[in-house]
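Student: Build me a structure from this.
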Amino acid sequence: MRSSSLPSYADGGPDGLDERLRSLLEATHRQWMSPDERRRMRAFGFRPAVEPGVLKREWHGLAVRVSASGLRAAQPGEGELAWLADTRTLLLDGEPFAGSPAGMRLVESLLNLIAGYERWVEAREGRDERISRGRSSLPDRRPVNALAETRRLQRLMHTPRRRGR
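Tutor: Predicted coordinates for the structure are as follows:
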């Protein structure tokens, strides 16, 4: 049996990375749309784009745009990764994300931005404040610890694929 060069999560494998990534992007987007968080993002270096309600940031060659409709991350030669909030859809260059090597490099860069932002918030405001920002108004929702989740996803991305039986 020939093994794929792609990690197991890229083909919807049992590691659950695909769902974890979607959950992290959904939580990040929801949080980044709050007015208090947008003020933090501006302090972190996000700037208003030409379109109303859009913040943008360059992060190590990655051009990121955040709006009410979702997140977009593009890098020359790699393509564009888009998280569409209303449908919880992850796209690479307008097609469903399938874990291609170029797409995975974009995911890694986006995870690095999210982790960098979370570390910056923690250094500025403390760990408890960083984690409490993710609390939902719904009583049964646990806050997403975005920094821990980005680390978990990065570990999953770099774990060798298990062979089938």
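
Student: May I see the buried residues of the longest helix along the chain?
Tutor: Criterion DSSP state H: the longest helix present in the chain is helix 101-125. Neighbour-count burial for helix 101-125 flags 103-111, 113-115, 117-118, 121 (criterion: 16 or more other C-beta atoms under 10 Å). No exception for glycine: its C-beta is placed from N, CA and C like everyone else's.

Student: So for it, mean pLDDT?
Tutor: For helix 101-125, mean pLDDT is 90.

Student: now stretch 36-49
Tutor: Stretch 36-49 shows a mean pLDDT of 93.

Student: just how off-centre is it within its chain?
Tutor: Computed by C-alpha atoms, centre = their mean, to the nearest Å, the chain-centroid distance of stretch 36-49 equals 17 Å.

Student: Please name the nearest non-neighbouring residue to residue 150.
Tutor: Of all residues not flanking residue 150 in the chain, residue 115 sits nearest, at 4.1 Å (C-beta to C-beta, 6 or more residues apart in numbering).

Student: actually residue 48, sorry about that
Tutor: The shortest distance from residue 48 to any residue other than its chain neighbours is 6.3 Å, reached at residue 55 (C-beta to C-beta, 6+ apart).

Student: Look up which residues are beta-bridged to that neighbour.
Tutor: Here residue 55 sits in beta bridges with residue 48, residue 66, going by DSSP bridges.
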